[in-house]
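>>> one predicted model, sequence on top.
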Amino acid sequence: MDRSQQAMASSVTSLPVPDRAYAAPHPSQVGLAASMIGLGVLGLIYGDVALVWQHLPIEHLPGEKLIAYAFALIELVGGMGLLVKPLAKPASALLAAFLLIWAVLLKLPAVVFVPLMEATWLGFGEIAVILAGAWVLLARYAGNHEHGKLSWLYGRRGVRAARVLFAVSLPMIGLSHFFYSEQTAALIPAWLPYPLGWAYFTGACSILTCVAVLSGVLSRVAATLEAAMLWMITLLVWAPAIMAHPSDRTAWTAFVISAAIACGAWVVADSYRERRYDAS
């Protein structure tokens, strides 16, 4: 190799390596974006929040319709932003902040005031899983740069914290399959035998995933299987409901929310694929 070739090789190898976080979005990120866009579209169509999942605790709240449209626009803009590389970072920050407010203001009060009702924990846990997914994306796009007192929100520390949030949210969902076993079994497709057994099995899987993620034992496998299970539930339970009643708003809302939860788990599972964000 002559000197000119050596110089060319040296210049190429010295080029900065692009940040993987800014590469084409993973399918999990696209899925979370699509589900948030879906929520936004539903909100704009119906001029209302997402039923029980976004229930406003004050009846006849002044400006309730404006709040619903604001929610819908945030979901729509945030979801679309995740699909555009230059906008992905602010979009993930917008969605993470929005979902945090959603969890704290709309779900946490019910947990505080009615802590013995598992349904209140279920509602909080479902939104927390979506929040964990958005947090992973925010942490990845923000990188490991110095952020002062909020540095734990970003980079490796942020991803680890989001995994913990994901893990502790799963028993809230899993236990509902035991507390409300009959209601859960009623959602199992009729062609599957032993619906009560499936209700208990899926609930136990969520609890075991929590243990795996927190302990670090087969955490990536467990998170991936949890995401796959949540997607199977979405497709087997809510897709047929839409096919049977295509104009039913409840079925559409349940499908999109369930898909968002599955995609939140999927994003968390994908975070184990990148070594630079590994907890080890």
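Now that the structure is in, tell me what you want to look at. Numbers count the residues shown, from 1 in each chain.
>>> going by C-alpha atoms from here, please, whenever you check contacts or count neighbours.
OK.
>>> show the average pLDDT along stretch 39-51.
For stretch 39-51, the mean pLDDT works out to 92.
>>> show residues contacting that stretch.
Residues outside stretch 39-51 that contact it (C-alpha atoms under 8 Å, 6 or more residues apart in numbering) are 55-56, 65, 68-69, 71-76, 250, 253, 256-257.
>>> try 6 Å this time
Applying C-alpha atoms under 6 Å, 6 or more residues apart in numbering, the contact partners of stretch 39-51 are Ala68, Ala72, Leu73, Glu75, Leu76.
>>> how many other residues sit next to the last one?
Number of residues near Leu76 (other C-alpha atoms under 10 Å) recorded here: 24.
>>> packing partners of the helix or strand containing it?
Taking DSSP states H and E as the criterion, the element that holds Leu76 is helix 64-82. Where contact means 3 or more C-alpha pairs under 6 Å, 6 or more residues apart in numbering; DSSP states H and E, helix 64-82 is packed against helix 27-46, helix 88-101.
>>> closest one to Ala167 among those helices?
Closest to Ala167 of the helices and strands packed on helix 64-82, according to C-alpha to C-alpha: helix 88-101, at 16.3 Å.
>>> ok, then the element right after the helix or strand containing Leu131?
Using DSSP H and E, Leu131 sits within helix 118-142. Downstream of helix 118-142, the next assigned helix or strand under DSSP H and E is helix 155-174.
>>> could you dump that following helix to PDB, C-alpha only?
What follows is helix 155-174, C-alpha atoms only, in PDB (Å, rounded to 0.1, in the frame of the first residue of the first chain):
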ATOM      1  CA  GLY A 155     -27.900   7.400  28.900                       C
ATOM      2  CA  ARG A 156     -27.100   4.100  30.500                       C
ATOM      3  CA  ARG A 157     -28.500   5.100  33.900                       C
ATOM      4  CA  GLY A 158     -31.800   6.200  32.300                       C
ATOM      5  CA  VAL A 159     -32.200   2.900  30.500                       C
ATOM      6  CA  ARG A 160     -31.500   1.000  33.700                       C
ATOM      7  CA  ALA A 161     -34.000   3.100  35.600                       C
ATOM      8  CA  ALA A 162     -36.600   2.600  32.800                       C
ATOM      9  CA  ARG A 163     -36.100  -1.200  33.000                       C
ATOM     10  CA  VAL A 164     -36.800  -1.000  36.700                       C
ATOM     11  CA  LEU A 165     -40.000   0.900  36.200                       C
ATOM     12  CA  PHE A 166     -41.000  -1.700  33.600                       C
ATOM     13  CA  ALA A 167     -40.200  -4.500  35.900                       C
ATOM     14  CA  VAL A 168     -42.100  -3.200  39.000                       C
ATOM     15  CA  SER A 169     -45.100  -2.400  36.800                       C
ATOM     16  CA  LEU A 170     -45.600  -5.900  35.600                       C
ATOM     17  CA  PRO A 171     -46.900  -7.400  38.900                       C
ATOM     18  CA  MET A 172     -49.600  -4.800  38.900                       C
ATOM     19  CA  ILE A 173     -50.700  -6.200  35.500                       C
ATOM     20  CA  GLY A 174     -50.100  -9.800  36.300                       C
END
